[in-house]
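Enquirer: the sequence and its predicted three-dimensional model are supplied below.
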Amino acid sequence: MGEFLAVAFGFPTALFSFSLLVVAGYWAFVLLGGLDMDLLGAGADADTGAGTGPEDADGPGAGWFAFLGLGGVPGTVVLSLLIPLAWFVSLAGSALLDGPLPRTLVLVVALIAAWAGTRLAVLPLRRVLRRPAEGSLRDFVGLPCVIRTGRVGPDFGQAEVTAPDGSSAIVQVRQPAMDVAVAGDAEGSALTAGSTALIFDFDPAGQFFWVMPHDAAFDRPAR
């Protein structure tokens with residue numbers, strides 16, 4: 001036992017030991033219902049377009065996860081895979097090798113192995129988490145929304161949409177170039193902050209909704 005503790009709290013395993021305790025404590029609170037599963041922000045939502053879009057932050061470290069090929073799933077899931085893998089590899093390597101230089105190499109190998117293992121695990125998880133989210137987003141098609149940005153164009157825009165159950169969400173919206181108001185158009189035809197638009201389609205590739213000007217008097221009745 002003493003030898004195990006010496007390795008677990010020695011270099012380089014100690015770099016991951018405290019983080020592993022934090023991860024274990026976090027999931028214990030999740031199981032007890034004391035914490036939300038995605039404390040660092042819903043990485044999956046970055047792909048769905050709900051809340052924030054690619055041009056916005058999606059939570060602490062989301063950009064780094066995406067850069068490393070680990071995006072598309074909640075950040076807490078990524079860390080819960082990355083940290084235990086790095087800890088286990090560094091523990092095994094430290095038990096076999098001794099000395100500053102060999103253990104420095106163990107640290108490098110542990111980081112690479114943890115990244116590779118996490119990336120392999122994230123690929124199927126990304127598909128599993130993405131499909132239900134995309135399906136729920138399609139439920140917004142046909143609903144009116146309220147524009148929350150100063151303008152809406154083919155490459156920019158956000159709106160607030162309220163689902164039939166009363167819940168609301170900020171989603172990414174786009175307006176076809178042919179429908180964008182230009183100088184001389186009738187007043188009120190432009191989509192600006194506070195105006196009402198109709199969601200008429202969902203783009204799964206860009207993860208945004210297509211909208212067009214809409215008169216609130218023609219809102220679809222609540223189901």
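Expert: Received the coordinates, thanks.
Enquirer: and the strands in the protein?
Expert: 144-147, 158-162, 168-174, 196-203, 208-213 (DSSP state E).
Enquirer: so for A92, which of those strands sits nearest?
Expert: strand 168-174 (44.5 Å; C-beta to C-beta). C-beta: built from backbone N, CA, C; applies to glycine.
Enquirer: show me the domain layout of this structure.
Expert: Per the record, the chain has its domains at 2-137, 141-218, by automatic domain parsing.
Enquirer: need those in CSV with mean pLDDT and mean neighbour count, can you?
Expert: As requested, the domains of the chain are exported to CSV (pLDDT from 0 to 100; neighbours: other C-beta atoms under 10 Å):
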stretch, mean pLDDT, mean neighbour count
domain 2-137, 78, 17
domain 141-218, 81, 15
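Enquirer: quick check: V152 touching I199?
Expert: No: applying C-beta atoms under 8 Å, one finds V152 not in contact with I199, separated by 11.7 Å.
Enquirer: what touches both of those two?
Expert: Residues touching both V152 and I199 (C-beta atoms under 8 Å, 6 or more residues apart in numbering) are 159, 173, 211.
Enquirer: if I look at M178, how far off is Q172?
Expert: As judged by C-beta to C-beta, to the nearest Å, M178 and Q172 stand 20 Å apart.
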